[in-house]
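Trainee: attaching a predicted model along with its sequence, questions to come.
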Amino acid sequence: MSVTLDVGMRSKEDVAPPPAVGSKKANEVDLGKLWRGEKLRDFEWRMRCLGLDASPEANALLRQMIECTETLNGIGDEIVSGERETKWWLDGEYDGEGAEESNDKGTKLFGERRYGEAFDSFTRAIGLWPSRAVYHANRASAALKLGKYEVCVSDCKEALKIDPSNVKVMTRCATGLQKAGRPREAKEYWR
């Protein structure tokens, strides 16, 4: 049986559009699941190659890795479904030196009573290193001075998740809540 191909020139009208594919474009959550699954399989394969599949320590690590993978996949699903709120700074650049520089600049500007510029510098610090409670606390302070009470409260709550014993931030949060017209919630922070 022979197949003959027609390779002659055709006009655009003669060419059929490509068939529609019944799959959706992968999102970041799906790609994350795929990547984590590959890393899990790679770890298990390396464990076997090294003859560690009978090792209790290696198997305990594998179980922990499976649990962490399942937890992260669940968090991704919650984000996609809207059950979990994502933070605006989640995709930060993670530059510790740059974050410190931005924070120091913000502190200087705050001392000069240039609260708007200080707020912007603290925002940059959070974007560069979001897990530092002090950056959220500093931005909350600038937000309070600017009358951005809801931002102040949100930043204080974020700082308290990282450092729950910070009394200064609790007080700032209570002040922000009171100024935002939420005195009942503010009572929780006046300890």
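Mentor: It's in. Residues are numbered from 1 along each chain as shown.
Trainee: C-alpha only now, for contacts and for neighbours.
Mentor: Fine.
Trainee: name the helices or strands packed onto the helix or strand containing Thr107?
Mentor: Assigned by DSSP states H and E, Thr107 belongs to helix 96-111. Under the contact criterion of 3 or more CA pairs under 8 Å, 6 or more residues apart in numbering; DSSP states H and E, helix 96-111 touches helix 115-128, helix 133-146.
Trainee: tell me which residues are up against stretch 44-62.
Mentor: Residues from elsewhere that reach stretch 44-62 (CA atoms under 8 Å, 6 or more residues apart in numbering): 40, 43.
Trainee: gap between that stretch and the chain center?
Mentor: Centroid separation for stretch 44-62 versus its chain: 31 Å, with CA atoms, centre = their mean, to the nearest Å.
Trainee: who touches the helix holding Thr107?
Mentor: 115, 117-122, 124-129, 135, 138, 142.
Trainee: quick one: average confidence on it?
Mentor: Regarding helix 96-111, the rounded mean pLDDT is 95.
Trainee: for that helix, C-alpha coordinates in CSV please.
Mentor: Output of helix 96-111 as CSV, limited to C-alpha atoms (Å, rounded to 0.1, in the frame of the first residue of the first chain):
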residue,chain,number,x,y,z
GLY,A,96,16.9,39.5,51.9
GLU,A,97,19.4,42.3,51.3
GLY,A,98,17.0,44.3,49.2
ALA,A,99,14.2,43.8,51.7
GLU,A,100,16.4,45.2,54.5
GLU,A,101,17.4,48.2,52.4
SER,A,102,13.7,48.9,51.6
ASN,A,103,12.8,48.5,55.3
ASP,A,104,15.6,50.8,56.4
LYS,A,105,14.6,53.4,53.8
GLY,A,106,11.0,53.1,55.0
THR,A,107,12.0,53.6,58.6
LYS,A,108,14.0,56.7,57.7
LEU,A,109,11.0,58.1,55.7
PHE,A,110,8.6,57.3,58.5
GLY,A,111,10.9,59.2,60.9
